[in-house]
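Engineer: coords below, sequence missing:
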C-alpha cells in the first residue's frame, strides 16, 4: 500500500502544477510538439529554412543533393519520461532534493501531455532499469506515474544512462517525445544517446545543485559520494582547493553541453536554487520559434 505521505505529496504536486499546466505549459507543449508533426509522410528536396535534423542522409547520398523527411501532424503523441533515481538525486542544499524537483518537472510534463490527449510512459533507472510503466492516457494514469517516481525504492545506487536508453529503444518502437531527467553523473552513454536521439525527439533535462558547482569556505569538509560511498576529506579553507573543484566541475559541465550540441540534443538546465518554471518556458518558446 502506498504510504499516506506519498499520496499527500502526489496531491500537492497535482495542485501546484494544475494552474501552470492550464495557464502556460499545455499551450506551450502543444505549439512545440503537436504542431511539428511526428508521423513520416514523404521525402522531398531540401528547402532553405528546413530543420537540418530532418535530412534523410540515405536519399541525399543516392540523389547527390539534400532531401528531408516530411512529417504529417500526428493527432496523438507518446511522451516517455526517463527518470534517474540514483543516490545522487537525494542531494540538495537549498529547499528541495534533486529527486523531488525531478518528480515535479515530470508531473508538469505529464499533465501537459494528457491535456493534449497524448500518452505518457515512464522508465525509472539507476545503474539498471528499475521500473517500466507502458504509455497510457488519462489523469489516473499520470497520478500513478507520479506515485511511482515518488514511492520507488531504488535497488541500484549509481547511474547507467546508456542502459536506460537501450531499454527505451527496445520498448518504444514508435517515435516518441522523450524527456531524460538526470544529473548526468554518468559516463559511456554517448553512443546510446546518439541512437536514441535519431529515433526519438529527445530532450535532456539536467538538474544541478549549486554546491556541485561552487564550494564555499567551511573549513575541513567530509564528503561522501552518494553513488559510490567513497569518503573524501576536503580543506575548503584553501583557495587553491576551491578553484580546482570549480574548474573540474566547470570542465565536466562543458563536456556534457558540448556532447548535447554535437548530437543536436535539446537540453534544459535546472538548478535546485532557482525556480524551474523559467528554464522550462524558455525551452518551449525556443523550440516553438525554431519550428515556426
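Structural biologist: Here it is on my side, so go on. Source: prediction; values computed, not measured.
Engineer: count of neighbours near residue 233?
Structural biologist: 8 (other C-beta atoms under 10 Å). Just so you know, the C-beta spots here come from the backbone N, C-alpha and C atoms, and that holds for glycine as well.
Engineer: repeat for residue 136
Structural biologist: Residue 136, neighbours per other C-beta under 10 Å, totals 15.
Engineer: in stretch 126-142, what's buried?
Structural biologist: 126-127, 129-130, 132-133, 135, 141-142 (16 or more other C-beta atoms under 10 Å).
Engineer: before we move on, what about stretch 53-67?
Structural biologist: For stretch 53-67, the buried set under the neighbour-count rule, 16+ other C-beta under 10 Å, comprises 55-56, 59-60, 66-67.
Engineer: Sort out for me which of the residues you listed are in helices.
Structural biologist: 59-60 (DSSP state H).
Engineer: any chance of the buried residues of stretch 53-67 in a markdown table, with pLDDT and distance to residue 156 too?
Structural biologist: Converted to a markdown table, the buried residues of stretch 53-67 look like this (pLDDT from 0 to 100; distance: C-beta to C-beta, whole Å):
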| residue | pLDDT | distance to residue 156 |
| --- | --- | --- |
| 55 | 86 | 38 |
| 56 | 88 | 39 |
| 59 | 88 | 42 |
| 60 | 90 | 42 |
| 66 | 90 | 44 |
| 67 | 90 | 43 |
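Engineer: Show me the contact partners of the strand or helix carrying residue 83.
Structural biologist: Element membership of residue 83 [criterion: DSSP states H and E] is strand 78-84. Counting by C-beta atoms under 8 Å, 6 or more residues apart in numbering, strand 78-84 makes contact with 102-103, 106, 109-110, 113, 118-126, 135, 145, 149, 159, 161, 164-165, 168, 172, 174, 176-183, 200, all of which sit outside it.
Engineer: Could you do stretch 88-103 as well?
Structural biologist: With contacts defined as C-beta under 8 Å, 6+ apart, stretch 88-103 is touched by 9, 13, 83-85, 146, 149-150, 159, 181, 183, 185, 205, 207-212, 226-227, 270, 272-273, 276.
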